[in-house]
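S.K.: coords below, sequence missing:
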């Protein structure tokens, strides 16, 4: 286990490890640099991420590769309409001891008991099963038969949704979407990247990534991220970004009142600061700037701003509204 003499040394280690992780992931995943950056940012913030993309964009491969580079246990849960909560959390079974003849209940752990979980097509299972998954994400424990079972640390959920096939799906409610730190859009690769993918995937097995960080090192670095200081004006900027989105308040911007049904809640502000801290450290900075906060706004606001009918009829998305907010709120405004 690596020990750090100071937080400055730990910050340098985190920045170096980030570059090594990107190099190892690139052995398997071609392109998707922004997706990789956001997923790793979520890891060091102890946050869960929701990946949105059409089939075949290597979302599953990315998560399994990431678990290898971080030396973490990995489980994939394929969500289906008949999946039950106990299929995820585990269940109690009757154990019969042949020697003593005694019978007792024993808990068999489900696939949720791993460091990194891929919740594949989480919107394809009924709300009851979704709720069991999301409760485990929030509480980081499972309760069965009145007994709490703590999930392993570190613990991350990377869930996927298919945006083009909506028949037989159960969309996640906004309150449950809020449990995810990021909503990450996974787009098609560029022409040159797609050519590389074809060559790599149709040839003999390529290189395998090697582990860069251990479980304990990840836990230590997560604490270092939380200890990173933030200036008051950066807190004020993040607060302003969140508060101007709420259409029923006097602080809301005019276009937010026009286009939004609901704005971002307090969890958005918490995530903005935490993600900005991680982004700064991954970039080798020892301070958090308003630019770091602004850079994290899109994936954090994307699933927290609820456009109304007027916005939908004009083709305005939550990303469009977030970009206008970033243009409207000054970064250098003096504190009152």
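M.R.: Structure's in. What do you need? This one's a predicted model, so the numbers in the text were calculated from it and none came from an experiment.

S.K.: Which pLDDT value does the model give residue 334?
M.R.: Note for residue 334: predicted pLDDT of 64.

S.K.: Could you number the chain from 348 rather than 1 from now on?
M.R.: Right, with 348 as the first residue, what we last looked at is residue 681.

S.K.: And residue 363, how close does it get to residue 580?
M.R.: Residue 363 sits 29 Å away from residue 580, going by CB to CB, to the nearest Å. C-beta coordinates here come from the backbone N, C-alpha and C atoms, glycine included.

S.K.: So which of the two has more stuff around it?
M.R.: Taking other CB atoms under 10 Å, residue 363 and residue 580 do not tie; residue 580 has more neighbours (15 against 12).

S.K.: Does that one touch residue 637 like I think?
M.R.: Yes: with contacts counted by CB atoms under 8 Å, residue 580 reaches residue 637, the gap being 7.3 Å.

S.K.: where in this protein is pLDDT low?
M.R.: The chain contains residues with pLDDT under 70 at 348-352, 512-515, 551-553, 680-683.

S.K.: Now do the helices in the stretch 348-497 of the chain.
M.R.: Along the stretch 348-497 of the chain, counting by DSSP state H, counting those that start in this stretch, helices occupy 354-372, 380-391, 406-416, 432-436, 474-486.

S.K.: Contacts for stretch 535-542, please.
M.R.: When contacts are defined by CB atoms under 8 Å, 6 or more residues apart in numbering, stretch 535-542 is touched by residues 377, 378, 379, 401, 404, 544.

S.K.: Return the distance of that stretch from the chain's centre.
M.R.: How far stretch 535-542 lies from its chain's middle: 25 Å, per CA atoms, centre = their mean, to the nearest Å.

S.K.: likewise stretch 398-416?
M.R.: 13 Å.

S.K.: Can you point out the buried residues in it?
M.R.: 398-400, 404-407, 409-416 (16 or more other CB atoms under 10 Å).

S.K.: and the end-to-end length of that stretch?
M.R.: End-to-end distance of stretch 398-416 (CA to CA, to the nearest Å): 19 Å.

S.K.: cool, and stretch 396-414?
M.R.: In stretch 396-414, first residue to last residue: 14 Å (CA to CA).

S.K.: and residue 605, that's in a helix?
M.R.: Yes: assessed with DSSP: H, G, I helix; E, B strand; the rest coil, residue 605 lies in a helix.

S.K.: Give me the distance between it and residue 592.
M.R.: Taken as CB to CB, the span from residue 605 to residue 592 is 12 Å.

S.K.: More neighbours: those two, which one.
M.R.: Taking other CB under 10 Å, residue 605 and residue 592 do not tie; residue 592 has more neighbours (25 against 15).

S.K.: and the more buried one, which of the three is it?
M.R.: Three-state call for residue 592 (three-state DSSP): coil.

S.K.: I'd like to check what contacts stretch 480-497. Which residues are they?
M.R.: 395, 424, 433, 435-439, 452, 454, 456-457, 459-460, 466, 469, 498, 500, 502, 504, 523, 526.

S.K.: Quick one: end-to-end distance for that stretch.
M.R.: The straight-line separation of the ends of stretch 480-497 (CA to CA) is 14 Å.

S.K.: Which positions in it come out as buried?
M.R.: Buried residues in stretch 480-497, counted by 16+ other CB under 10 Å: 480, 481, 482, 483, 484, 489, 491, 496.

S.K.: ok, back up a step: in strands only, show me the contacts of stretch 480-497.
M.R.: The strands, defined by DSSP state E, take in 424, 437, 438, 439, 452, 454, 456, 466, 504 from the contacts of stretch 480-497.

S.K.: count of neighbours near the closest residue to the third one other than its chain neighbours?
M.R.: The spatially closest residue to residue 438, leaving aside those adjacent along the chain, is residue 455, at 6.0 Å (CB to CB, 6 or more residues apart in numbering). Residues lying near residue 455 (other CB under 10 Å) number 11.

S.K.: I figured residue 455 hits residue 441, correct?
M.R.: No: between residue 455 and residue 441 there is no contact under CB under 8 Å: 11.1 Å.

S.K.: For ChimeraX, write a command that selects the buried ones of the ones in strands among the contacts of stretch 480-497.
M.R.: Buried members of the ones in strands among the contacts of stretch 480-497 can be picked out in ChimeraX with the line below, counting by 16+ other CB under 10 Å:
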select :424,437,438,466,504
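
S.K.: Now for the residue nearest in space to the middle of the chain: which residues touch it?
M.R.: Nearest to the mean C-alpha position of the chain, by CA atoms, centre = their mean, lies residue 396 at 1.9 Å. Counting by CB under 8 Å, 6+ apart, residue 396 makes contact with 385, 386, 389, 503, 504, 505, 506, 527, 528, 529, 530, 531.
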